[in-house]
Each structure stands twice: as C-alpha cells, then as structure tokens.
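In: heads up, no residue letters with this:
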C-alpha cells in the first residue's frame, strides 16, 4: 500500500506540508517502523481555533483551543488507525511565541500525536520530558 493510501490530509493543509506530502508521509512511516509499529491509516485534519475548540469541548470537555486531539482506533497494538485533529492557529501561535520555524513545530505536533498512539504520554512532568526527548529524536530526521 502506498503511503498516500495510509495517510490522509484533510482541511486547510498548510502550504509547506502540501509541497512536501510524500516526504512527510515517508518520515511518519519511518518513525513508526523504527518503534515497531505499522500504519493502517492516519488521518490528519487541520482546523481553525473555533473548530478545534468545539471538538475539544465536545470530546474532552476542555473549553479551549488546542494544538492536537488524537483519537486512536487501532486494531491491535502494532497496527495504527488514528484520527488526528490539528489546531493550525495554535501551532502557529506556539511557533511564533517560541521563535521556532512553523514547519518544525508542525512536524513536532504531527509526530506528537503518533507517539501518543505508541505509548508515550504527557500527563506528568516526567512523562512530558520523556515525550519531548522522543519528539526531538524524531525531529532530527524531519523533512526540511
């Protein structure tokens, strides 16, 4: 199965990503394989602040916009089937506030959701630090 059949991009896909879809898809597949996971389907949907806040409120009872919501529907621990909703305005705001390139923060969020489905968590400070280390490791080979 080709990577494009396994990874879907919906909503207002950022221009940077539109021009690098194949490279980003291959990168996400590689990061999954390196950790012993296959991808059945990943569906990334880009939403504005209003839409991601509505979804966050409805699904998680969090009445604020967020950068990502991950819904894991995987059948079997090693075969990922995931819906990911990205708050594009939140990603832009965080990148700008931290003086990071937008594409770096976007890639961090793309892989962050994937890592959640592979067992990484970010509820405690220790978990956040471990997840950040794993994200940083993944970002070393991100598409430019």
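Out: Looks like it arrived, so ask away. Computed from a predicted structure; not experimentally measured.
In: which ones are touching the closest residue to residue 90 other than its chain neighbours?
Out: Leaving out its chain neighbours, the residue that sits closest to residue 90 by CB to CB, 6 or more residues apart in numbering is residue 67, at 4.2 Å. For glycine as for every other residue, the C-beta is placed from the backbone atoms N, C-alpha and C. By CB atoms under 8 Å, 6 or more residues apart in numbering, residue 67 lies in contact with 86-87, 90-91, 94, 109.
In: shaky segments in this structure?
Out: 1-5 (pLDDT under 70).
In: quick one, strands of it?
Out: 7-11, 38-47, 68-72, 79-87 (DSSP state E).
In: Provide a list of residues in contact with the residue positioned nearest the centre of the chain.
Out: Closest to where the C-alpha atoms of the chain average out (CA atoms, centre = their mean) is residue 110, at 2.3 Å. Residue 110 is in contact with 24, 28, 44, 84, 86, counting by CB under 8 Å, 6+ apart.
In: hang on, the third one packs against residue 14?
Out: It stands for residue 44. No. Here residue 44 does not reach residue 14: they are 10.6 Å apart, not a contact under CB atoms under 8 Å.
In: neighbour count winner among these two?
Out: Between residue 44 and residue 14, counted using other CB atoms under 10 Å, the more crowded position is residue 44 (23 against 18).
In: grab the nearest non-local neighbour of residue 63.
Out: Of all residues not flanking residue 63 in the chain, residue 57 sits nearest, at 4.9 Å (CB to CB, 6+ apart).
In: which of the strands of the chain sits closest to residue 129?
Out: strand 68-72 (18.3 Å; CB to CB).
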